[in-house]
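Novice: Build me a structure from this.
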Amino acid sequence: MEKLIISIGRQFGSGGKDIATRVAERLQIPLYDDALLRQAAVESGIDESVFMQADEKRALFSFSSVFGGGIGREQVFTIQCDTIRNIASRESAVIVGRCANYILRDREMVLNIFITAPMEKRVERIMKKHNLSEEKALALIEKEDKARAQYYNFFTFGEWGRASDYDCCIDSSLLGYEQTAELIVSLAEKMMAAHE
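Specialist: The predicted model follows:
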């Protein structure tokens, strides 16, 4: 049977990574976030720092950036795409961000989720998590969301967070992280049952 990939896009401060971790634990499958970058480095033989520099978390990157050994951002992204496809071909997994929904758009067994939350909830979470003032938390959220959107839109020619690019968009503040994870697990189990 084809492996199931759960791709989770998320707004900064929505709890997407925490939810993804819970989903992976419940389904007993690997979680790839920063681990994806390490995997890409291993598979390509290129230093991990090159992937970290080119990552979606890097705010306002220059698209012409060239990293160690003359490797450009587009080449790094191509290697990352290959790594994501390799993971999808060999194992079920949860992949956080990195345009996975776009990269795996031609595969059947991919459940694409986008996690969102109201700005006030996100600000509250980031204030607590990073011990920031409301003003600084808001600025950080705007910076991180802008970086993610810029990265996604550049490489996919799409629009980051557009509902039609996902199977399900979930406001994590409605159910909380545990129940949001349970909802995603339930969707994944239904999808696997439908493909048996």
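Novice: hey, where'd the strands end up in the protein?
Specialist: Assigned strands in the chain, in chain order: 5-10, 31-32, 66-67, 71-72, 93-96, 110-116, 168-171 (criterion: DSSP state E).
Novice: which one of those has the lowest average pLDDT?
Specialist: Sorting the strands of the chain by mean pLDDT places strand 66-67 lowest, at a mean of 46.
Novice: just for the protein, where's the confidence low?
Specialist: For the chain, the stretches flagged by pLDDT under 70 are 1, 35-37, 40-41, 44, 47-48, 50-72.
Novice: go with 90
Specialist: By pLDDT under 90, the low-scoring segments of the chain are 1-2, 33-80, 151, 157-158, 195-196.
Novice: Just want the most central residue of it.
Specialist: residue 97 (1.4 Å; CA atoms, centre = their mean).
Novice: quick one, helices of this protein?
Specialist: 16-27, 34-44, 48-53, 73-90, 100-103, 119-130, 134-156, 172-194 (DSSP state H).
Novice: mind putting the strands of the chain in JSON lines, mean neighbour count and distance to residue 154 included?
Specialist: Every C-beta, even on glycine, is put in place using the N, C-alpha and C of the backbone. Below are the strands of the chain laid out as JSON lines (neighbours: other CB atoms under 10 Å; distance: least, CB to CB, whole Å):
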{"stretch": "strand 5-10", "mean neighbour count": "27", "distance to residue 154": "15"}
{"stretch": "strand 31-32", "mean neighbour count": "23", "distance to residue 154": "21"}
{"stretch": "strand 66-67", "mean neighbour count": "15", "distance to residue 154": "16"}
{"stretch": "strand 71-72", "mean neighbour count": "16", "distance to residue 154": "13"}
{"stretch": "strand 93-96", "mean neighbour count": "26", "distance to residue 154": "19"}
{"stretch": "strand 110-116", "mean neighbour count": "22", "distance to residue 154": "18"}
{"stretch": "strand 168-171", "mean neighbour count": "17", "distance to residue 154": "22"}
